[in-house]
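> Next come a sequence and a model predicted from it.
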Amino acid sequence: MDITKVVAMGDDPESLVEEYINFPLIIIYPKHVNPSRTVLTLKNATVLYAEYSSYPDIESIKIIRDVIFYLLNASYIQADDKILVLFEKQGEHYELLMNMTEMKYPMLLHKLADRISGALVESLLRLSMAIAKKGREGIPTGALFVVSDSQNVKKYLIQKISNPIKSLSLSERSILDESNFETLREFATMDGAMILDSRGYVITCGAYIKSLLVDEVDKLGGRHLAGKSITKLTRAVSFVVSSEGTIRVYRDGLQVYELDSF
């Protein structure tokens, strides 16, 4: 695979890139660690900073996934890039080749770009993954998120319970703020759908879609039927988490993404 970019991260990321000095580089430093003068003079190097003072002893693949999400959303890497990821943790070095053209996530960003932002896609997938992994009170459960075109979406909703989200402030309703995930996860796993506007603020939860695609009733479960139907009726996008842990995304009544249980 012809490498188009090299991404290096770790407690001492510069030590990883010595043999790749002529490639386009993205070097991610721990906060409070300054690049050397050599790196600062490289025209092919982009310098970024992580939130860590030193890289924690957690699953390396989770850190790599989060970094790739960020770099795609911030346009540091593109959907056609072929990436070599160099990761260093506690003196151990790891390498991972990633052909972005073979990955579903960049294509999902492209398919949804005219509806919702990349940052919102990332946050919805992160929260969906948390639900798929943890469920509700440790019990496997699902969720349905309906995002954007909220004025039209409201026409097809039945709110069977009082909107429980009203007790939260606007900032606490933002799905873009990861500190809200634990609270929003509990609301999202209630029966019904969580409805968000295009800015990522939750409008309501526990809502039911009242107009369904009749010809799909025998093919799909309740959440998937509702998620698919509302995107056929409006310009909204839906993210559906099944109780088995699979995540599916719909737009225009079509499934555009699937992430199997993990």
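Yep, that arrived. Numbers count the residues shown, from 1 in each chain.

> Tell me, how many residues neighbour residue 141?
A count of neighbours around residue 141, defined by other C-beta atoms under 10 Å, yields 20. (Glycine included, C-beta is placed from N, CA and C.)

> Roughly how far does it sit from residue 190?
9 Å (C-beta to C-beta, to the nearest Å).

> what does residue 18 give?
Distance from residue 18 to residue 190, by C-beta to C-beta: 52 Å.

> Between these two, tell me which one has more neighbours.
It is residue 190, of residue 18 and residue 190, that has more neighbours when counted by other C-beta under 10 Å, with 16 against 7.

> which SS state does the more buried one fall under?
Following DSSP: H, G, I helix; E, B strand; the rest coil, residue 190 is assigned to coil.

> quick one: the closest residue to it other than its chain neighbours from residue 16, how far?
For residue 190, ignoring the flanking residues on the chain, the nearest one in space by C-beta to C-beta, 6 or more residues apart in numbering is residue 206 at 4.9 Å. Per C-beta to C-beta, residue 206 is found 48 Å from residue 16.

> do the same with residue 132
Using C-beta to C-beta, residue 132 is found at 32 Å from residue 16.

> repeat for residue 81
Distance, residue 81 to residue 16, by C-beta to C-beta: 18 Å.

> hang on, the earlier thing: between residue 206 and residue 16, which is the more surrounded one?
A count of neighbours by other C-beta under 10 Å puts residue 16 above the other of residue 206 and residue 16, at 23 against 19.

> what sits against that one?
8, 10, 86-88, 93 (C-beta atoms under 8 Å, 6 or more residues apart in numbering).

> Measure how buried residue 90 is and give me the count.
10.

> now residue 66
Neighbour number of residue 66 under other C-beta under 10 Å is 14.

> three-state assignment of it?
helix.

> Number the residues from 659 up from this point.
Shifting the count to begin at 659 puts that one at residue 724.

> Just put the contacts of residue 674 in TSV and tack on distance to residue 903, pLDDT and neighbour count.
Listed next are the contacts of residue 674 as TSV, based on distance: C-beta to C-beta, whole Å; pLDDT from 0 to 100; neighbours: other C-beta atoms under 10 Å:
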residue	distance to residue 903	pLDDT	neighbour count
666	32	93	22
668	31	85	27
744	31	92	21
745	26	87	22
746	31	78	19
751	32	82	11
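
> Residue 887: which of the residues you listed is nearest?
Using C-beta to C-beta, residue 745 comes nearest to residue 887 of the contacts of residue 674, at 42.2 Å.

> Next up, the contacts around that closest one.
So residue 745 contacts 666-668, 674, 718, 721-722, 751-754 (C-beta under 8 Å, 6+ apart).

> Among those residues, which are located in strands?
666-668, 751-754 (DSSP state E).

> Strands along the stretch 759-908 of the chain, start to end?
For the stretch 759-908 of the chain, the strands defined by DSSP state E, counting those that start in this stretch occupy 801-805, 815-817, 851-854, 860-867, 895-899, 905-909.

> Tell me which of those strands sits nearest to residue 886.
Each of the strands of the stretch 759-908 of the chain was scored for nearness to residue 886 using C-beta to C-beta, and the closest is strand 905-909 (4.9 Å).

> can you list contacts of the closest one?
By C-beta under 8 Å, 6+ apart, the surrounding residues in contact with strand 905-909 are 766, 769-770, 773, 783, 786-787, 790, 882, 885-886, 889, 895-900, 913-917.

> Just the buried residues of the residues you listed.
766, 769-770, 773, 783, 786-787, 790, 882, 885-886, 889, 895-900, 913-915, 917 (16 or more other C-beta atoms under 10 Å).

> Columns mean pLDDT and distance to residue 844 on top of the strands of the stretch 759-908 of the chain, output as JSON lines?
Putting the strands of the stretch 759-908 of the chain into JSON lines (pLDDT from 0 to 100; distance: least, C-beta to C-beta, whole Å) gives the following:
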{"stretch": "strand 801-805", "mean pLDDT": "96", "distance to residue 844": "10"}
{"stretch": "strand 815-817", "mean pLDDT": "87", "distance to residue 844": "18"}
{"stretch": "strand 851-854", "mean pLDDT": "94", "distance to residue 844": "11"}
{"stretch": "strand 860-867", "mean pLDDT": "92", "distance to residue 844": "10"}
{"stretch": "strand 895-899", "mean pLDDT": "95", "distance to residue 844": "14"}
{"stretch": "strand 905-909", "mean pLDDT": "93", "distance to residue 844": "18"}
